[in-house]
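In: Got a predicted model here, sequence first, then my questions.
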Amino acid sequence: MKKVILLTGFIVIYSAVFAQKQQYKLVEGELGLSMPFGMPATYGEESLEISPGLYGEIRFNIPNRHLSVGAQLYITGWTVTGYDTYTSKRNTIALNTVFDYNFNEIKGFLLPFAGFGIGLANLNESSELYISPRIGVEVWNRLRFSFGYNFTAYSYSGFVVKLGFVVGGGKKK
């Protein structure tokens, strides 16, 4: 874990030192689909049937910085089948604040980023702290691919892959 933190810190410092001032539009939104996986099965559970999730996000790009701050609404669910033939549905509805660091553009159309979200998740009528680190890339200022991990109550935590369509944002002309 220390190596990951050190590597991330090095990348952030390196990008800040060699950053080119780039002006981006102040507000951007994102709508997309997510696919959670790697959810842990608890004692007595045989299988998980995961369904794709939906999310919406609005971000504010901080002028003359590589930072953006915003809010995200994330909804997903899955069905659990137990060894004794019981079936239960699990749902996650999360509202969190997101923070992203946008690295320098690569070849004029790839914008890598790293960030995290923190907020509350409603997990089948109970509320829990929700933390979601993520990394990804934005392509042509319109498509955003990300990979992350959602930390919350044990049986609701897991990896997630997201594909979103970005509205607004991009370079100022």
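Out: That came through, no problem. Numbering: from 1, shown residues only.
In: Just the strands from this protein, written as ranges.
Out: Remark: strands assigned in the chain by DSSP state E are 27-37, 45-61, 67-82, 87-102, 110-123, 126-139, 143-150, 158-168.
In: contacting residues for the residue nearest to the spatial centre of the chain?
Out: Note on the chain: the residue nearest the mean C-alpha position is Arg134, at 5.0 Å, using Cα atoms, centre = their mean. Applying Cβ atoms under 8 Å, 6 or more residues apart in numbering to Arg134 gives the contacts Ala114, Gly115, Phe116, Gly117, Ser146, Phe147, Gly148, Tyr149, Lys162. For the C-beta atoms, the positions are set from N, CA and C on the backbone; glycine is no exception.
In: go again using 6 Å as the cut-off
Out: Arg134 makes contact with Gly115, Ser146, Gly148, according to Cβ atoms under 6 Å, 6 or more residues apart in numbering.
In: Show me the beta-bridge partners of the residue nearest to the second one when sequence neighbours are not counted.
Out: Same thing as Ser146. Spatial nearest neighbour of Ser146, excluding adjacent residues (Cβ to Cβ, 6 or more residues apart in numbering): Gly136 at 3.1 Å. Taking DSSP bridges as the rule, Gly136 bridges to Phe113, Ser146.
In: Worst mean pLDDT among the strands of the chain?
Out: Comparing mean pLDDT across these, the lowest value falls on strand 45-61: a mean of 84.
In: That strand - contacts with which helices or strands?
Out: Under the contact criterion of 3 or more Cβ pairs under 6 Å, 6 or more residues apart in numbering; DSSP states H and E, strand 45-61 touches strand 27-37, strand 67-82.
In: Tabulate the ones you listed (a markdown table), appending distance to Ile106.
Out: Shown next, in a markdown table, are the helices and strands packed on strand 45-61 (distance: least, Cβ to Cβ, whole Å):
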| stretch | distance to Ile106 |
| --- | --- |
| strand 27-37 | 19 |
| strand 67-82 | 18 |
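In: Turn those into a markdown table, including distance to Glu57 and mean neighbour count.
Out: Supplementary listing: those in a markdown table, determined by distance: least, Cβ to Cβ, whole Å; neighbours: other Cβ atoms under 10 Å:
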| stretch | distance to Glu57 | mean neighbour count |
| --- | --- | --- |
| strand 27-37 | 4 | 17 |
| strand 67-82 | 4 | 18 |
